[in-house]
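**Student:** Fold the following.
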Amino acid sequence: MAMKRQSEAAVRRESFLTRLVTSVFSFVQLAEFEILFFLFVFITFLIFKDLTSRPEYNQIFVKKPGGDDFWPF
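**Tutor:** The predicted model follows:
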């Protein structure tokens, strides 16, 4: 019983900032996969958006001058 009181007293003596940082770290540890998945999707979206906004990307769909190609358009 005395051990329990000492551990509870130690928790109470921690500052608000220490408890806040500890809770944030525990949340990040709990949601690590979701955070990494969101970052992956977000970074992929930014890269894809950047690549598709370049004028060279639109030239892929334009018929190139020259000889007859396999495709009729």
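
**Student:** where's Val21 relative to Leu36, distance?
**Tutor:** With the distance defined as CB to CB, to the nearest Å, Val21 ends up 21 Å from Leu36. For every residue, glycine as well, the C-beta is placed using N, CA and C.

**Student:** now Arg13
**Tutor:** 35 Å.

**Student:** element containing Ser26?
**Tutor:** In this assignment (DSSP states H and E), Ser26 forms part of helix 16-30.

**Student:** same question for that helix, mean pLDDT?
**Tutor:** With pLDDT averaged residue by residue, helix 16-30 scores 94.

**Student:** downstream neighbour of that helix in the secondary structure list?
**Tutor:** helix 32-52.

**Student:** what's the angle between that next one and helix 16-30?
**Tutor:** If you take axes from the mean of the first three to the mean of the last three CA atoms, to 10 degrees, helix 32-52 sits at 70 degrees to helix 16-30.

**Student:** For helix 32-52, output the C-alpha coordinates as PDB.
**Tutor:** Output of helix 32-52 as PDB, limited to C-alpha atoms (Å, rounded to 0.1, in the frame of the first residue of the first chain):
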ATOM      1  CA  GLU A  32       1.900   5.600 -35.700                       C
ATOM      2  CA  PHE A  33       0.600   3.600 -38.600                       C
ATOM      3  CA  GLU A  34      -2.300   6.100 -39.300                       C
ATOM      4  CA  ILE A  35       0.100   9.100 -39.200                       C
ATOM      5  CA  LEU A  36       2.600   7.500 -41.500                       C
ATOM      6  CA  PHE A  37      -0.200   6.400 -43.900                       C
ATOM      7  CA  PHE A  38      -1.600   9.900 -44.000                       C
ATOM      8  CA  LEU A  39       1.800  11.400 -44.600                       C
ATOM      9  CA  PHE A  40       2.400   8.900 -47.500                       C
ATOM     10  CA  VAL A  41      -0.900   9.800 -49.200                       C
ATOM     11  CA  PHE A  42      -0.300  13.500 -48.700                       C
ATOM     12  CA  ILE A  43       3.200  13.500 -50.100                       C
ATOM     13  CA  THR A  44       2.200  11.300 -53.000                       C
ATOM     14  CA  PHE A  45      -0.700  13.700 -53.800                       C
ATOM     15  CA  LEU A  46       1.800  16.700 -53.800                       C
ATOM     16  CA  ILE A  47       4.200  14.900 -56.100                       C
ATOM     17  CA  PHE A  48       1.500  13.800 -58.500                       C
ATOM     18  CA  LYS A  49      -0.100  17.300 -58.500                       C
ATOM     19  CA  ASP A  50       3.300  18.800 -59.200                       C
ATOM     20  CA  LEU A  51       4.000  16.400 -62.100                       C
ATOM     21  CA  THR A  52       0.600  16.800 -63.700                       C
END
